[in-house]
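> My questions concern the predicted model and sequence given below.
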Amino acid sequence: MAKLVIEDLHVSIEGKEILKGVNLTVNSGEIHAIMGPNGTGKSTLASALMGHPKYTVTQGKAMLDDIDLLELEVDERARAGLFLAMQYPAEVPGVTNADFMRQAKKAISGKDIGLIEFAMAYEKTVAELKMRPDLAHRYLNEGFSGGERKRNEILQLKTLRPKFAILDEIDSGLDIDALKIVGENVVDLVDDAFGCILITHYQRILDHIKPTVVHIMIDGAIVLSGGQELIEKIDQGGYEWIKTDLGIDFDSAPETH
């Protein structure tokens, strides 16, 4: 059983405070959904936990079991068992998808993997995600549609098998069929060795990935946690009810990345 603990996390970018004391504990076997309007810090949390140099942690802790993530470089956080499925996956010309996956697997595990063994596992996962079979020979994300890039992130997730994954708006760019496929593949991963933080604006991905806990983030902090009832309230009335129910005022703004 693994545990990811975030305590009183404060994060700034260019001197502006974005996260203002985030507290969150996720155990393996759990899916935690973080919802909230634009500009409240959801993607900032994902990037800061993964170690993006643009973000400065000014206070707080982030522990994966007994490992202090904030003391590690990005690659060390990945080797410790943290994975981020990015909202906007980048293209990497000149590096094929299969080569990237194989080298990433070797870097994370510290073990070489035979070409035939890797190819068989890779092709199986591609089939499970109903991706094009020529994917292995194409350059990483080059010419991929938005939906293909998101499915490719889940392909990486299934290949690397981290302890915890942060999925930042994996539903964006996916049609109904792809959403179902991605959701089913994520759910299949959840067990005693794997937990997940799912960041989303919308309810639709949660039809396929049922969260253990739902958190609402407003103005850089988690202000409310609960279950399915929160998803239903958001689906019916957006986030405006929070202003009345909790006495919190906020304005929607573009998310800071």
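All right, it came through fine.
> all helices of the stretch 51-200 of the chain, in order?
In the stretch 51-200 of the chain, the helices defined using DSSP state H, counting those that start in this stretch lie at 74-80, 97-109, 115-128, 146-160, 176-189.
> now the last one, how far from the chain's geometric center?
Meaning helix 176-189. On the basis of CA atoms, centre = their mean, to the nearest Å, helix 176-189 sits 14 Å off its chain's mean C-alpha point.
> Which other helices and strands does it contact?
Helix 176-189 sits against helix 146-160, strand 164-168, strand 195-199, with contacts defined as 3 or more CB pairs under 8 Å, 6 or more residues apart in numbering; DSSP states H and E. All C-beta atoms are positioned from the backbone trio N, CA, C, and that covers glycine.
> Recalculate using a threshold of 6 Å.
With contacts defined as 3 or more CB pairs under 6 Å, 6 or more residues apart in numbering; DSSP states H and E, the packing partners of helix 176-189 are helix 146-160.
> What of the fourth one?
Counting contacts by 3+ CB pairs under 6 Å, 6+ apart, helix 146-160 packs against helix 97-109, helix 176-189.
> Now the weakest link among the ones you listed, please, by mean pLDDT.
Confidence, taken as mean pLDDT, is least for helix 97-109 of the helices and strands packed on helix 146-160 (a mean of 89).
> who's in contact with that helix?
Helix 97-109 has contacts (CB atoms under 6 Å, 6 or more residues apart in numbering) with Arg79, Asp112, Ile113, Phe118, Leu135, Ala136, Arg138, Leu140, Thr159, Leu160.
> same thing but at 10 Å, please
75, 78-81, 83, 92, 95-96, 111-115, 118-119, 121-123, 125-126, 131, 134-142, 144, 152, 155-156, 158-162 (CB atoms under 10 Å, 6 or more residues apart in numbering).
> Only whichever of these are buried, select them in PyMOL.
Selection of buried members from the contacts of helix 97-109 for PyMOL, criterion 16 or more other CB atoms under 10 Å:
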select buried, resi 78+79+80+81+83+96+113+118+122+125+126+131+135+136+138+139+140+141+144+152+155+156+158+159+160+162
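> Turn the helices of the stretch 51-200 of the chain into a markdown table, columns for distance to Asp8.
Output for the helices of the stretch 51-200 of the chain, formatted as a markdown table (distance: least, CB to CB, whole Å):
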| stretch | distance to Asp8 |
| --- | --- |
| helix 74-80 | 19 |
| helix 97-109 | 29 |
| helix 115-128 | 38 |
| helix 146-160 | 28 |
| helix 176-189 | 29 |
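> Please identify which of those is closest to Tyr202.
Taking CB to CB, helix 176-189 is the member of the helices of the stretch 51-200 of the chain nearest to Tyr202, at 10.2 Å.
> Look up phi and psi at Ala193.
Phi and psi for Ala193, reported as degrees, to the nearest 10, are phi -110, psi 0.
> Quick check: closest non-adjacent residue to it.
Residue nearest to Ala193 in three dimensions, not counting chain neighbours: Ser28, with 5.7 Å by CB to CB, 6 or more residues apart in numbering.
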